[in-house]
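Visitor: take a look and give me a structure for this.
(one chain, ligands or ions: 1)
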Amino acid sequence: MITAERLTKRYGDTTAVDAIDFTVRPGSVTGFLGPNGAGKSTTMRMVMGLDHPSGGRVTVNGRAYRDLPAPLHEVGALLEAKAIHGGRSAYHHLLWLAKTNGIPRRRVDEVIGLVGLDAVAHKRSGGFSLGMGQRLGIAAALLGDPGVLLFDEPVNGLDPEGIRWIRTLIRSLAAEGRTVFVSSHLMSEMALTADHLLVIGRGQILADTGMADFIARNAAAHVRVRSPQGGVLAEALRERGWTIRRDDDGALLVEGASAEQVGDVAGSRGLYLHELSVVNASLEEAFMRLTADSVEYHARTDQPVPAGV
Ligand SMILES: Nc1ncnc2c1ncn2[C@@H]1O[C@H](COP(=O)(O)OP(=O)(O)OP(=O)(O)O)[C@@H](O)[C@H]1O
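Guide: Below is the predicted model:
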């Protein structure tokens, strides 16, 4: 369990983390979402004792990181760009970590097998691909068999096979009853991985809720309809009081109506339809709506359709 109470971090005039309270619970994957610069990495670094809070506190299983008697057995983390001595092999890097933390040598072989690095374990890690480097970082995080795990952008730069592997691993760690806290900018991936979400914007918690609940509250399903007479159809739909937007390919996105209602309006005007479907709300849409005010720089791409198109 990870608990933050009034956790604060200031860098000069910047308040990176602003008196936040949250609890990350065992047995499920908690996703940590927020725009660039929201304070995710800073929060994770404070959990791992790499940054000192300016105020408040954060604990792992009730203790601050520096007070944990055997930290590697309590919490493991894959943070951004791990500094690993490139001249060392994966095996020797892990063995050195194990020795300095009183972990038996056989556990090194175990974690190497677990992350699938057996074939390259004795090669210099300096020549590792991004994916192999991530696997090595995860092996190090798992070395002490900790009950709490943090992953900061674990799928950054990975190929689809690597992404799927990490997703399966993260889900299985939570299924074993561990506390798993993971940040990612890949919304589609987060939607498949996390059960619970903690959303941060400008250093403050914007949402702390279950995945399904978050999407239902912050985004609505809509109807997508495509017609060769799109302009006439848009006008007819707008007359019914529904909000219409135009998708990149010219399709109309209708909010507040069912597919049947949209089809009936088209039918009553004798308009042809080339497509009519319900689009379920996505995590990405919910995230964009919730954090719109927390993003420092953003471009509008989804403009309402002007009247008369
Ligand atoms: N060492 C530092 N010195 C000064 N400012 C910092 C430092 N680390 C982070 N910040 C600032 O704190 C804020 C939060 O940064 P942080 O890296 O925690 O955000 P993040 O949510 O992880 O962003 P990203 O998604 O881009 O990785 C930003 O405004 C950042 O510029």
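Visitor: drop to CA atoms for contacts and neighbour counts, all remaining ones
Guide: Fine.
Visitor: leaving out the residues flanking it, which one is nearest to the residue nearest the centre of the chain?
Guide: In the chain, the centroid-proximal residue (CA atoms, centre = their mean) is residue 184; its distance is 3.1 Å. Leaving out its chain neighbours, the residue that sits closest to residue 184 by CA to CA, 6 or more residues apart in numbering is residue 153, at 4.7 Å.
Visitor: try residue 266
Guide: That would be residue 233: by CA to CA, 6+ apart, it lies 6.5 Å from residue 266.
Visitor: dump the residue contacts of that neighbour.
Guide: Going by CA atoms under 8 Å, 6 or more residues apart in numbering, residue 233 touches 227, 266, 271.
Visitor: what about 10 Å?
Guide: 225-227, 239, 252, 262, 265-266, 269-273, 309 (CA atoms under 10 Å, 6 or more residues apart in numbering).
Visitor: now the helix or strand hosting it: buried residues?
Guide: Per DSSP states H and E, residue 233 falls inside helix 230-239. Within helix 230-239, the residues scored as buried using 16 or more other CA atoms under 10 Å are 230, 232-237.
Visitor: that older thread, and the least confident of the contacts of residue 233?
Guide: Across the contacts of residue 233, the bottom pLDDT score, 42, is held by residue 309.
Visitor: coming back round to it: ok, the residue nearest to residue 266 to residue 247 distance?
Guide: 14 Å (CA to CA, to the nearest Å).
Visitor: do the same with residue 240
Guide: 20 Å.
Visitor: ok, now residue 59?
Guide: Residue 59 is 46 Å from residue 247, where distance means CA to CA.
Visitor: what do you get for residue 281?
Guide: 15 Å.
Visitor: equivalent analysis for residue 34, please.
Guide: In terms of CA to CA, residue 34 sits 25 Å off from residue 247.
Visitor: and what of residue 45?
Guide: 40 Å.
Visitor: with residue 229 instead?
Guide: 15 Å.
Visitor: what does residue 72 give?
Guide: 49 Å.
Visitor: who has more neighbours, those two?
Guide: Neighbour count, other CA atoms under 10 Å: between residue 72 and residue 247, residue 72 has more, with 23 against 17.
Visitor: is it true that residue 72 touches residue 142?
Guide: Yes: taking CA atoms under 10 Å as the definition, residue 72 is a contact partner of residue 142 at 8.3 Å.
Visitor: need the contact list for the residue lying closest to residue 48 once chain neighbours are set aside.
Guide: Closest residue to residue 48 apart from its sequence neighbours, by CA to CA, 6+ apart: residue 65 at 6.0 Å. When contacts are counted by CA under 10 Å, 6+ apart, residue 65 touches 46-50, 58-59, 71, 74-75.
Visitor: same question for residue 76.
Guide: Residue 76 touches 48, 137-151, 180, counting by CA under 10 Å, 6+ apart.
Visitor: ok, whichever residue of the stretch 201-309 of the chain sits closest to the ligand - how many residues close by?
Guide: Taking CA to the nearest ligand atom, the ligand has its nearest neighbour within the stretch 201-309 of the chain at residue 203, 7.1 Å off. Residue 203: 26 surrounding residues under other CA under 10 Å.
Visitor: could you pull up the residues touching residue 282?
Guide: Applying CA under 10 Å, 6+ apart to residue 282 gives the contacts 187-188, 191, 212, 214-216, 218-221.
Visitor: can I get these in TSV with distance to residue 26?
Guide: Listed next are these as TSV, based on distance: CA to CA, whole Å:
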residue	distance to residue 26
187	22
188	23
191	19
212	19
214	20
215	22
216	24
218	26
219	28
220	30
221	31
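Visitor: tell me the secondary structure at residue 139.
Guide: Of the three states, residue 139 takes helix according to DSSP: H, G, I helix; E, B strand; the rest coil.
Visitor: would you check that it makes contact with residue 111?
Guide: Yes: the pair residue 139 and residue 111 qualifies as a contact (CA under 10 Å) at a distance of 5.3 Å.
Visitor: and for those two, which residues touch both?
Guide: Joint contacts of residue 139 and residue 111 (CA under 10 Å, 6+ apart) are 94, 117, 145.
Visitor: helix or strand: which one has the first one?
Guide: Right, residue 94. helix 90-100.
Visitor: I'd like to know which elements that helix is packed against.
Guide: Under the contact criterion of 3 or more CA pairs under 10 Å, 6 or more residues apart in numbering; DSSP states H and E, helix 90-100 touches helix 105-114, helix 130-142.
Visitor: can you list contacts of it?
Guide: Residues contacting helix 90-100 (CA under 10 Å, 6+ apart): 72, 84-89, 101, 103-109, 111-112, 117-118, 120-126, 128, 132-133, 135-137, 139-141, 143-144.
Visitor: how many other residues sit next to the residue in the stretch 51-200 of the chain positioned nearest to the ligand?
Guide: Going by CA to the nearest ligand atom, the ligand is nearest to residue 185 of the stretch 51-200 of the chain, at 7.1 Å. When counting by other CA under 10 Å, one arrives at 17 neighbours for residue 185.
Visitor: I am finished for the moment; much appreciated.
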